[in-house]
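1. how would this look folded up:
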Amino acid sequence: PIHIKLLQTALKGSEVDLPAPVREMTYGRIVGITRQTLINDDLDAFTRIPSSFGAAAADLESDLVYSIFSTNPNMADGNPLFHASHANLGTAGTISETTLAEAYRLFGNQRGLEGRQISVLPRYIITPPGVRSVEARKNVTATTPNAVAGVNAFANRLEPIEEARLIPTAGPDPWFLAADPSRIDTIEFAYLEGQQGVYTETRSGFEVDGIEIKARHDFAAKAIDWRGLFRNAGV
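-> Predicted structure coming up:
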């Protein structure tokens with residue numbers, strides 16, 4: 001659900017403010033394996049190390065992306081990503097027809113640099129697992145009502161996403177909306193050009209009778225535009 005781009009691609013033109021530079025970080029680890037371990041590797045653990053590095057890198061990427069939702073970093077204008085001045089904070093409440101209607105109204109009133117409405121609408125509803133995810137699915141599932149009052153106005157309009165990394169350490173569970181990334185930038189991945197994945201290499205030990213495996217990953221994630229994101233603190 002998160003907008004993925006390479007670092008070298010250009011941002012969309014007049015719809016967004018220029019963000020602060022994306023600063024990539026290098027993450028890595030070296031694992032040493034002795035000759036005795038290799039000889040006694042009945043479970044073939046050695047050959048699974050590269051795939052384990054890949055899984056760890058994928059988890060790291062998700063950690064960094066979803067930490068943006070939780071930490072609410074400052075944007076280029078000096079205000080946090082989710083802030084009243086950005087018109088992307090809802091009145092704290094459960095996921096309901098009322099709170100979703102408010103969110104859609106805020107999305108609809110978002111304006112670009114020229115001051116005109118940019119017609120951005122949400123596509124994803126992002127929640128931690130638990131009561132918020134149940135509310136989300138109930139509000140986007142089509143039903144057959146017996147009366148107009150029972151019509152689910154948001155049926156099939158949003159795609160629910162559950163993410164355990166959004167479980168707060170204290171307080172109520174928040175929930176988020178995100179626009180279609182083809183319409184507006186939200187949060188971007190950034191890779192070092194030519195290094196779109198984990199780089200691994202091995203070397204034979206000299207002082208240690210065995211081998212060492214090194215994994216390196218150049219990656220960054222940054223919120224690009226607040227107009228495509230929304231937060232409700234929940235209750």
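2. on the three-state scheme, Q196 is what?
-> Classification of Q196 using DSSP: H, G, I helix; E, B strand; the rest coil returns coil.
3. quick check: closest non-adjacent residue to T141.
-> A155 (6.3 Å; CB to CB, 6 or more residues apart in numbering). For every residue, glycine as well, the C-beta is placed using N, CA and C.
4. tell me the first helix or strand C-terminal of the worst-scoring helix or strand of the chain on mean pLDDT.
-> Every helix and strand in the chain was compared by mean pLDDT, DSSP states H and E; the lowest is helix 35-39, with a mean of 66. Note on helix 35-39: by DSSP states H and E, the next helix or strand toward the C-terminus is helix 45-71.
5. quick one: buried residues of whichever helix or strand comes after that following helix?
-> With elements assigned by DSSP H and E, the helix or strand that comes after helix 45-71 is helix 97-108. For helix 97-108, burial by neighbour count (16 or more other CB atoms under 10 Å) applies to 99-100, 102-104, 106-107.
6. distance from helix 97-108 to the middle of the chain?
-> Taking CA atoms, centre = their mean, to the nearest Å, one finds helix 97-108 lying 21 Å from the centre of the chain it belongs to.
7. could you give me the average pLDDT of it?
-> Helix 97-108 comes out with an average pLDDT of 97.
8. contacts made by it with the rest, please.
-> With CB atoms under 8 Å, 6 or more residues apart in numbering as the test, helix 97-108 has contacts from 87-88, 90-91, 93, 117, 119-122, 139, 153-154, 177, 179, 230, 232.
9. same thing with stretch 77-94?
-> Applying CB under 8 Å, 6+ apart, the set of residues contacting stretch 77-94 is 17, 68, 72-75, 99, 102-103, 106, 109-110, 131-132, 135, 172, 223, 226-227, 229-235.
10. list phi and psi for E114.
-> Main-chain torsions, E114, degrees, to the nearest 10: phi -80, psi 0.
11. gap between it and R227?
-> 13 Å (CB to CB, to the nearest Å).
12. my read is R216 is in a strand, agree?
-> Yes - under three-state DSSP, R216 falls within a strand.
13. my guess is it contacts T26, does it?
-> Yes - using CB atoms under 8 Å, R216 is in contact with T26, at 6.2 Å.
14. who's more crowded, those two?
-> More crowded of R216 and T26, by other CB atoms under 10 Å: R216, with 17 against 12.
15. pLDDT at the more buried one, what is it?
-> If you check R216, the pLDDT there is 85.
16. go on, A153?
-> So A153 comes in at 91 (pLDDT).
17. please apply the same query to A92.
-> Reported pLDDT for A92: 98.
18. what's around it, how many residues?
-> 13.
19. repeat for R123
-> 17.
20. pLDDT weak spots in this structure?
-> Within the chain, the stretches with pLDDT under 70 are 1-24, 30, 32, 35-39, 41-47, 206-208.
21. and with 90 instead?
-> For the chain, the stretches flagged by pLDDT under 90 are 1-58, 112-115, 119, 142-152, 181-182, 189-220.
22. for S119, give its distance to G112.
-> 10 Å.
23. which of those two has more neighbours?
-> More neighbours surround G112 than the other of S119 and G112, with 18 against 11 (other CB under 10 Å).
24. was I right to think the more buried one contacts I118?
-> Yes - contact criterion CB under 8 Å: G112 and I118 qualify, at 4.7 Å.
25. neighbours around the residue lying closest to Y66 once chain neighbours are set aside, how many?
-> Excluding the flanking residues, the one nearest Y66 by CB to CB, 6+ apart is R165, at 4.1 Å. Applying other CB under 10 Å, we find 13 residues neighbouring R165.
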